[in-house]
Structure formats: C-alpha cells, structure tokens
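Trainee: dropping a prediction and its sequence here:
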Amino acid sequence: MMQSNGESEKRALTVRTQTIHAGAAPLGHGQALGGEIVQSSVYGFREPADASARREAGLPIYARDHFPSQRSLETAIAELEGAESAHVTPSGMAAIALTALALLTSGDRVIIGADGYCDTEELFLTEFPRLGIETTVVDLTDLAAVEAALRPTTRLVLAETITNPGMRVPDLAALAALLRPRGILLAVDNTFATPVLCRPLALGADLVIHSVTKFLGGHHDLVAGAVAGPAELVRRISRSGYFFGRLPGSFDAWLALRGLRTLAARMAWICPSAETVATFLAGHPAVRAVRYPGLRDAPDAEVVRRQLSDGAGGVLVFDLDGDRSTATQFMRDLRLIPYAGTLGGVESTICYPPVRDAVGAPPDVGSLRLSVGLEAPEDLIADLAGALANVRAGIQ
Ligand SMILES: Cc1ncc(COP(=O)(O)O)c(C=O)c1O
C-alpha cells in the first residue's frame, strides 16, 4: 500500500506508477525493495501460544495459510484492478475453478463466452456437470443472445476481455448493466488485456480473473493465477480454496510481482508492435484473414475504442492461405519466433489457436496464434515475411 501525503491524496496514481509501487511495503520501514521470499512451509516456536499470537497478528505461521510474497502480489493485483481484495492461485485455471467452486452450487447455471479459452470451456462443460452445475456457451458480443440464454437459476457469466482465440471483445459495461439488476455475477478473465489496458471492475464486473502466467508475469518463468473483487467474495473464494490447493509457491509469487513491475512498460511496446505486425499480415497475399481487435475493421472496433483505448493487447490470430500443414511448415520456417503453447511473454511465441481436446481433431485450416513480445517489430516482420514467402511459393 502506498503511503500518502497531502499532495498524493489529491490525485490517483497512473497505472504506470501503480505497476511499480503496488503491493510494496510502506516507505520508511527498512523494507526489502526487491521483496521477500520465505522458502519455508512453516514457522517454529517454543510456546504454542506464540504461534497463536503470531497468527492473530496476521503474520504467517504455515504456508498454506499465507506467506509474504503471496500477500504482496495479492495487494499489487488488487490495487491494479481497483479491487478491494485479490487472491492468488497456483494457475489461471485454478483461479477460474476455485472461483466457480466457491460461488456455485448444484442446480446453478453458468454462461461462458463462445470463442474463449478451451480449458475453461472443458472445465465448465465436462467437469462441473458432475456437480450439478450446467453451462451454456453464448456469444457474449451478442447481448440479445445473452439475455435469451438467461434462466432463473443463472448465477454467473464468465467473459474474457479479449477472447482466446476468437479475439472478440464483449461490451463489459453493457453486460454488467444487463446482469447486475438480475443479481447475476459477471466475472471477467482479463488475461489478454491486463489492468494496464482494461479494468473490468470499473466497468461493472463483479470479479476479475487472471492467468498471471501470461502478461502479468510476462517472462515465461512461472505459472500462477489470480481473482480480484469485493473483499467478501474474494474471502469466500480464498476460504473455500484453502481446502483445494489454493496458493502458488513463494518463489513463483515473487517472480510474478517482479514481472508485474514492468507490465505497463511492456504493454507500451507490445501493443503498437502487435498492431504493426497485424497490419503487415493483413496486407500480405499469403494471409487470408487477421483477427486483432486493434485493426480498424475488427468486428468489435466500436467497443474496442471505448474499452481498450490504450491498446488492443499483444495477441493476434491469422489464417494462412493453406491448411494445418501449411501452418506447421510456416512455424518451422521461422527463425526468431518459437512454437510455444502460451502467450504474454517478453519473447514472441506462436502456436495453433487452442481448441478443446474433447471436440476431436483440430480444424484443418492454416490458423496460427501469435503473441507479440518485446522484439523490434521490424525484426518480427522480417521473420514472418521470410516464412510467408515459402507459403506463397507453395514450398511445403
Ligand atoms: C484467457 C486465459 N485464461 C486462463 C488461462 C489459464 O491459465 P493457466 O495456464 O495459468 O492455468 C489461459 C491460458 O492460456 C488463458 O489464455
């Protein structure tokens, strides 16, 4: 938490400054500026009463309860998302699963977005029905379709700020306006946009979820997740998660906070690079289509202008003029950009757009998902152009 003085109380910090200071100890306490890693599962005492006193003072005694780097990361994510509270988890999927487990019960219904993350879809469509929780997949950019899908037992709608891999951008304020009067929770997976580009809670969402593994961590070196929102909801998720394995390791939490410090700086490079690369691909004869929300003719361009006014993120999906084997050869021909089934790191990465295993063989199309990193866009374009020349020449 930042210490305030008369001047700083008058104005809110910019998100750029928040990424640097959020979650740090107040000034003047001789704090470790690099943050703390306590690599211990437990603290030892001679007197059991001392352990109780320490716990009552809010200090850690057992790592499944809490530990310093986790708490710092939670404070930072809460501040960045403008939330009362945040809870960090061992992965993004854990954040989604623990949120659902804590808030839903048998007989409840959920709506998740179409074109969204395949593992989220699989979790809701194949795991939760066993618990009596049914899910409908709906295009969340179509408010009439959402309204038509609502039932008296609908309890939660889970949206993605930018869908993975559909690259669609639902109007979060409009969704919140539809759901809130009906008492239906809106949770938003903000992994692709990050709080630097979009703050779903300010638009009326109830909860915001992250795969911290991606842009927040930003360096392909950890797996973690987070959920942020009102203290009471987050407390319920955290308490229920206590029994399900709710926390990342202390080193991963520390790495995540270290990564977070450069989030605004990274997004400031990544977004314009991604737009440049998307524009290049859109104009290339060997590319059939490009899906990047920042392109002027993107299907949700009007929502993007309002909701992602500082940039449309670092991920884009494009279709080569060919089939899946064309896409495979294209990736082999790249020199700089590795195939990797992830996104949001300092290195650009490329992969097939993720699809659910359960739906069988992936479609035989030349689609690829590119996550633009911090390399100079001209170097990325040169790499892509080299591999595209082979697609054009039919060298497969
Ligand atoms: C939008 C989105 N949400 C959640 C996840 C799951 O995150 P994790 O891999 O940290 O469990 C991913 C992973 O790719 C994702 O893209």
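Mentor: Yep, it's here. Numbering: from 1, shown residues only.

Trainee: for the chain, which residue gets nearest to the ligand?
Mentor: residue 92 (2.4 Å; Cβ to the nearest ligand atom). All C-beta atoms are positioned from the backbone trio N, CA, C, and that covers glycine.

Trainee: in contact with that residue, which residues?
Mentor: Residues in contact with residue 92 (Cβ atoms under 8 Å, 6 or more residues apart in numbering) are 189, 191, 209, 210, 211, 212, 213, 214, 224, 225.

Trainee: pLDDT wise, what is it at?
Mentor: pLDDT recorded at residue 92 is 98.

Trainee: helices along the stretch 151-300 of the chain, start to end?
Mentor: Along the stretch 151-300 of the chain, counting by DSSP state H, counting those that start in this stretch, helices occupy 172-179, 194-197, 231-241, 250-260, 263-282.

Trainee: related to what we said a few turns ago, next, give me the two most distant ones among the contacts of residue 92.
Mentor: 189 and 224 (14.3 Å; Cβ to Cβ).

Trainee: those residues of the stretch 151-300 of the chain touching the ligand, which are they?
Mentor: 160, 164, 189, 191, 211, 213, 223, 225 (Cβ under 6 Å from any ligand atom).

Trainee: spell out which residues of the stretch 1-150 of the chain are next to the ligand.
Mentor: 91, 92, 93, 117.

Trainee: follow-up on the earlier one: out of the contacts of residue 92, list just those in strands.
Mentor: Per DSSP state E, strands hold the following members of these: 189, 209, 210, 211, 225.

Trainee: the last one: neighbouring residues, count only.
Mentor: Counted with other Cβ atoms under 10 Å, the burial measure for residue 225 works out to 29 neighbours.

Trainee: how about it: what's its closest non-neighbour residue?
Mentor: Spatially, and ignoring its direct neighbours in sequence, residue 225 is nearest to residue 95 (3.3 Å; Cβ to Cβ, 6 or more residues apart in numbering).

Trainee: how close does the one you found sit to residue 102?
Mentor: 11 Å (Cβ to Cβ, to the nearest Å).

Trainee: residue 181 now?
Mentor: Taking Cβ to Cβ, one finds residue 181 at 23 Å from residue 102.

Trainee: these two: who's more crowded?
Mentor: Using other Cβ under 10 Å as the criterion, residue 181 and residue 102 rank with residue 102 on top: 21 against 8.

Trainee: what pLDDT does the model give the more buried one?
Mentor: 98.

Trainee: in a strand, it, correct?
Mentor: No. Residue state for residue 102 (DSSP: H, G, I helix; E, B strand; the rest coil) corresponds to helix; a strand is not indicated.

Trainee: run a quick neighbour tally on the closest residue to it other than its chain neighbours.
Mentor: What sits nearest to residue 102 in space, not counting adjacent residues and going by Cβ to Cβ, 6+ apart, is residue 240, at 3.7 Å. Residues near residue 240, counting by other Cβ under 10 Å, number 15.

Trainee: ok, now residue 194?
Mentor: Residue 194: 29 neighbours (other Cβ under 10 Å).

Trainee: what residues are up against it?
Mentor: 210, 215, 216, 263, 267, 313.

Trainee: cool, and residue 64?
Mentor: Contacts of residue 64 (Cβ under 8 Å, 6+ apart): 41, 242, 246, 247.
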